[in-house]
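Colleague: Mind looking at a prediction? Sequence and model below.
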Amino acid sequence: MLISLVCVNYVQTLVAIREVTKKIIRKPDATPINPLDYDRFLVLSLGTGSNMSEQKYNAKAVSKWGILTWLVNSGSTPIIDCFSEASIDMVDYHNVVVFSALQSEDNYLRIQVS
C-alpha cells in the first residue's frame, strides 16, 4: 500500500504527513503500515509562487540598517519577510532530513517556482 500526498504549500505538507501518521497510529489494525515506513509515503510538495521579497534586499545595504529600518522599509517589513522565508526553508529541510533518515529520500520532492 502506497500513500500518495500532493500538497500545495509547505504547511500542508507537514500537516498532511502528521495527520496520516496519526491515523496509522490510532488504527493499527485498519492499515498494515508502520508509521515510520516512509518508503510507503510518496510526497510531492508544490510551491505556490515566488516570495514577493525575494532578492529585494542586498547584504551591503542591510548591514547598515538600524532596528527601525528592519521593522519598516519602503512599505515592507524586512524582518517579517526574513522569518517567513526561513520558515518555508526549515519545513522543507525538516522533511528532507526525516525522509533521508528513514531511507526514503526518493519519496519526497519539493518543487518551488522562483
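Modeller: Looks like it came in fine.
Colleague: What segments of the protein are strands?
Modeller: Shown for the chain, the strands assigned by DSSP state E span residues 3-7, 41-46, 108-111.
Colleague: looking at those strands, which is buried most?
Modeller: Stretch with highest mean neighbour count among these: strand 41-46 (a mean of 18; mean count of other CB atoms under 10 Å). In this view, the C-beta of every residue, glycine as well, is placed from N, C-alpha and C.
Colleague: now it against strand 3-7, angle please.
Modeller: 10 degrees (axes from the mean of the first three to the mean of the last three CA atoms, to 10 degrees).
Colleague: got the CA coordinates for strand 41-46 in CSV?
Modeller: The C-alpha trace of strand 41-46 is given here as CSV (Å, rounded to 0.1, in the frame of the first residue of the first chain):
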residue,chain,number,x,y,z
PHE,A,41,4.7,7.6,1.5
LEU,A,42,5.0,9.4,-1.7
VAL,A,43,5.0,13.2,-1.1
LEU,A,44,5.0,15.9,-3.7
SER,A,45,5.1,19.4,-2.2
LEU,A,46,4.3,22.2,-4.7
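Colleague: chain center to it: distance?
Modeller: Relative to its chain's centre, strand 41-46 lies at 11 Å (CA atoms, centre = their mean, to the nearest Å).
Colleague: Strand partners (parallel or antiparallel) of it?
Modeller: strand 3-7 (parallel), strand 108-111 (parallel) (DSSP bridges).
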